[in-house]
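**Student:** I would like the atomic coordinates for the input below:
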Amino acid sequence: MQQLKEDVDSLVAPTSLSAGVERRDFLKAALGTGFAAAVLPVAAQSVVKTDAAGLTAGEVTININGQNVPVYRAQPEGRKDLPVVLVISEIFGVHEHIADVARRFARLGYLALAPELFVRQGDPGSHGTVAELVKEVISKVPDAQVMRDLDACVAWAKDNGGNIDKLGITGFCWGGRITWLYAAHNPKVKAGVAWYGRLVGDRTELTPAQPVDIAPKLKAPVLGLYGAKDAGIPLDSVDKMKAALAQGGSKSQFVIFENSGHAFHADYRPSYVEADAKEGWKRCVEWFKSHGVA
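**Tutor:** As a prediction, this is how the structure comes out:
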């Protein structure tokens, strides 16, 4: 729990997340019924706005062992045999910024899937503070459940126009940690891009391994995009991860952005650093292309 608390501190979010009914209604309209209308720390929409013209975009529902899991899907209209990218959210769930990231990938020719991985534990938008959200929802999400849900998303993609021989995964903060774990879990993953996801921490019943633990057996190359000023993910943890990766000969790499802290890609928050976000996105796209996810 201490490590999780440090992750929350690094979110640089205000004490209260509540932004009123109007914002919730906007997000429900933007994402469709069934999504957690995540109450965002700053604003409902991204600064970067990617429209859905020419795309098939919106919610699909995948039934996983009797549980309906909402997934935001974006892809070029009428196309098949598309490379697949899983987009994994922060603790705030699948809100408009995450949907926008999915549409950005769709514009590049991907089938992008952003699953609501907290659906069994609760609605991220129903809690008034970050601390309450972590206690009541995030801390109760088992890694094994997340891995199964992502496996189901991959299976859905295979049956719905996706080419899972070109499978990638990217995630932010909480989703960054999941990116490392899933790249080790599923041998179909060609490459991953982890944005400021924690690397070390306590092992618990629900989180039995951290990225540093799976690093020596990691086969898929993962690009880690991290901020030098991130108080919750100090650079010594990056050094530990690099050492663990070297034990297995991984081709994973890190890019450290000296002028950024945590969540520098989150363009709806004060932590956003435009130059580093754009550079990180460029490197993300290039990483996928150079490792068979395009």
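
**Student:** contact partners of stretch 54-63?
**Tutor:** Residues from elsewhere that reach stretch 54-63 (C-beta atoms under 8 Å, 6 or more residues apart in numbering): 31-35, 52, 68-78, 99, 102-103, 106-107, 115, 152-153, 156. Heads up, the C-betas are built off the backbone N, CA and C, glycines and all.

**Student:** Buried ones in that stretch, by neighbour count?
**Tutor:** Using 16 or more other C-beta atoms under 10 Å as the test for burial, stretch 54-63 gives 55-57, 59-60, 62.

**Student:** about what we covered before: list buried residues within the contacts of stretch 54-63.
**Tutor:** For these, a burial check counting by 16+ other C-beta under 10 Å picks out 31-32, 35, 69-76, 99, 102-103, 106-107, 115, 152-153, 156.

**Student:** just checking, which of those residues belong to strands?
**Tutor:** 69-76, 115 (DSSP state E).

**Student:** This protein: helices as residue ranges?
**Tutor:** According to DSSP state H, the chain carries its helices in the segments 2-9, 21-31, 96-107, 130-136, 143-159, 174-185, 211-214, 235-247, 274-290.

**Student:** Show me what the last one is packed up against.
**Tutor:** Applying 3 or more C-beta pairs under 8 Å, 6 or more residues apart in numbering; DSSP states H and E, one finds that helix 274-290 makes contact with strand 189-195, strand 222-227, strand 253-257.

**Student:** Of the ones you listed, which is nearest Asp276?
**Tutor:** Closest approach to Asp276 among these (C-beta to C-beta): strand 253-257, 4.3 Å.

**Student:** avg pLDDT for that closest one?
**Tutor:** For strand 253-257, mean pLDDT is 98.

**Student:** Equivalent analysis for stretch 276-287, please.
**Tutor:** Mean pLDDT, stretch 276-287: 98.

**Student:** Not counting its own residues, what contacts that stretch?
**Tutor:** Residues from elsewhere that reach stretch 276-287 (C-beta under 8 Å, 6+ apart): 104, 108, 170, 191, 193, 195, 221, 223, 225, 227, 255, 257, 259-260, 264-265, 267.
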